[in-house]
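[1] the following block contains a protein sequence and its predicted model.
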Amino acid sequence: MTLRWRVECGEWKTHEEQREATRSLLCNLLGSVVVEHDDRGAPFLPLSPELTLSISHCRKAVAVAVSAEGPVGIDVESRRKVSELLMERVCAPEELAEIRVAADPTMAFLQLWTRKEAVLKMRRTGIQGFGSMVRALEDKDVIIKDLSCDLPDVVASLATCKTRQ
C-alpha cells in the first residue's frame, strides 16, 4: 500500500453514527484495525506505526486516508451556514475576494476550508487559532487534491507532501 483514501456519503445524525461509519470505511480499506488518538486528538494505528492515518466526518459524509509514504490529511464538509466573520478569520484577502464572486460562495468557502484543514491535519498541528488557517496553503511542498463526492453539497480534500518521508 502507498496511499489510499475513500469518501462515503450518507446521512448520519449523531457523532456516534459518524464514528461508526468512519470505522466501517476504515475496515473496508485495511481490514480489522485498532485506532487510537494522540494527545492532540490525531488518529493513529498503534499496530501499524508505518502507516499515517487521517479521518474526517460531517453530517453527510465520512472520509479516511491512509499512507505508507508519509504524512497525509483529509477533510470533508457538507453544506452548512457560514458566517462572514468566520470567512474573514480564516481567509486571506484574495481568497475572500474569490469566494464573494463565486456562483455558490458557501460551497466555495467550504472547499477552501477542506483544503486548509487537510493541510493542517497532514502537518499534525490542528487549528491553533485561525491564523494557522489563513496561512495553511502557503507551503509549496504540499500537494492538495480535491476529491469527488456523490452529493453536490459535500466537498472533500486530501493533502500530502511532495517530498515523501
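    Cool, got the structure.

[2] alpha carbons only for contacts and neighbour counts from here, please
    Fine.

[3] low-confidence ranges, this structure, go.
    1, 126-132, 163-165 (pLDDT under 70).

[4] which residues does the residue nearest in space to the middle of the chain contact?
    Note on the chain: the residue nearest the mean C-alpha position is Asp75, at 1.3 Å, using CA atoms, centre = their mean. The neighbourhood of Asp75, defined by CA atoms under 8 Å, 6 or more residues apart in numbering, consists of Ile55, Ser56, His57, Ala63, Thr114, Arg115, Glu117, Ala118, Ala156, Ser157, Leu158.

[5] could you rerun that using 7 Å?
    Residues counted as contacts of Asp75 (CA atoms under 7 Å, 6 or more residues apart in numbering) are Ser56, Thr114, Glu117, Ala118, Ala156, Ser157, Leu158.

[6] by neighbours, which of those wins?
    Counting neighbours by other CA atoms under 10 Å, Ala118 leads those with 30 neighbours.

[7] buried stuff in the one helix or strand that one maps to?
    Taking DSSP states H and E as the definition, Ala118 sits inside helix 105-123. Counting neighbours by 16 or more other CA atoms under 10 Å, one finds that the buried residues in helix 105-123 are 106-123.

[8] tell me how far Leu85 lies from Leu120.
    Distance from Leu85 to Leu120, counting by CA to CA, to the nearest Å: 21 Å.

[9] please read the previous query as pertaining to Leu110.
    Note on Leu110: its distance to Leu120, by CA to CA, is 15 Å.

[10] what does Glu138 give?
    From Glu138 across to Leu120, the span is 11 Å (CA to CA).

[11] same thing with Glu36?
    Applying CA to CA, the value for Glu36 to Leu120 is 19 Å.

[12] quick check: angle from the strand or helix carrying Thr160 to helix 105-123?
    Element membership of Thr160, judged by DSSP H and E, is strand 154-161. Counting by axes from the mean of the first three to the mean of the last three CA atoms, to 10 degrees, strand 154-161 lies at 30 degrees to helix 105-123.

[13] going forward, begin numbering at 58 instead of 1
    With 58 as the first residue, the last one maps to strand 211-218.

[14] so what strands line up beside strand 211-218?
    With DSSP bridges as the test, strand 211-218 is paired with strand 129-135 (antiparallel), strand 199-204 (antiparallel).

[15] list the buried residues in the first one.
    If I follow you right, that is strand 129-135. Val129, Gly130, Ile131, Asp132, Val133, Glu134, Ser135.

[16] chain center to it: distance?
    Centroid separation for strand 129-135 versus its chain: 2 Å, with CA atoms, centre = their mean, to the nearest Å.
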